[in-house]
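Asks: Sequence plus predicted model, see below.
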Amino acid sequence: MENDVLIIEDFEEKVDVMRFYYQVIGDGKFLQALNEFRLGQGFGIGPVCCTFAMDYEPWEEGYFGDSGVNFSIHPPLVEIEENAIVDYETFYQYLKEASDNYLTRNHHDKDKVKAYLQEIKHKFDISQ
């Protein structure tokens, strides 16, 4: 069982995993995650993590394709590792949602968050 991995296919379940990821990293690590994302690097804490396809070569464990973003949840939060792979546009859509949520409590970070989001859009060629 220790090498079992669940690849989530249902879109609503993928959304749940993305929202859970942002909930777990919380306000305390949100800006750090945004900073890593703008550099094209993933970010995780404990049993949750977000990685980009460019982080892996085809022969490496964890490779999931040439593009996209993988949100993963690891035991003990789940019984077996769960992976939700989304395209860059979907990643950005829910990152924007998480950013808006973050800013309801941290309005003083508005300029920094907006700048990071712009860099992320540019980095991943996102048109939204």
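Replies: In hand now; what should we look at? Only a predicted model underlies this, so the values are computations on that prediction, with no experimental measurement involved.
Asks: Residue nearest the middle of this structure, spatially speaking?
Replies: C50 (4.0 Å; Cα atoms, centre = their mean).
Asks: residues in contact with it?
Replies: Residues in contact with C50 (Cβ atoms under 8 Å, 6 or more residues apart in numbering) are 21, 33, 37, 42-44, 69-72. Placement of C-beta: from N, CA and C, glycine included.
Asks: For F43, what are phi and psi?
Replies: Main-chain dihedrals, F43, degrees, to the nearest 10: phi -150, psi 140.
Asks: burial of it, as a residue count?
Replies: Burial measure for F43: 20 neighbouring residues, criterion other Cβ atoms under 10 Å.
Asks: next one: D66
Replies: For D66, the neighbour count with other Cβ under 10 Å is 9.
Asks: Quick check: nearest residue in space to it, chain neighbours excluded?
Replies: A53 (5.8 Å; Cβ to Cβ, 6 or more residues apart in numbering).
Asks: Any figure for the gap between the one you found and E89?
Replies: Using Cβ to Cβ, to the nearest Å, A53 is found at 14 Å from E89.
Asks: Could you list the buried residues of stretch 50-70?
Replies: Within stretch 50-70, the residues that qualify as buried by neighbour count (16 or more other Cβ atoms under 10 Å) are 50-53, 56, 64, 68-70.
Asks: Sorry, slip of the keys, the one I care about is stretch 82-98.
Replies: For stretch 82-98, by 16+ other Cβ under 10 Å, it's 82-86, 88, 90-96, 98.
Asks: same deal with stretch 36-50?
Replies: Going by neighbour count (16+ other Cβ under 10 Å), the buried part of stretch 36-50 is 36-38, 42-44, 48-50.
Asks: quick one, phi/psi of T51?
Replies: phi -130, psi 150.
Asks: Roughly how far does it sit from T104?
Replies: Distance from T51 to T104, by Cβ to Cβ: 27 Å.
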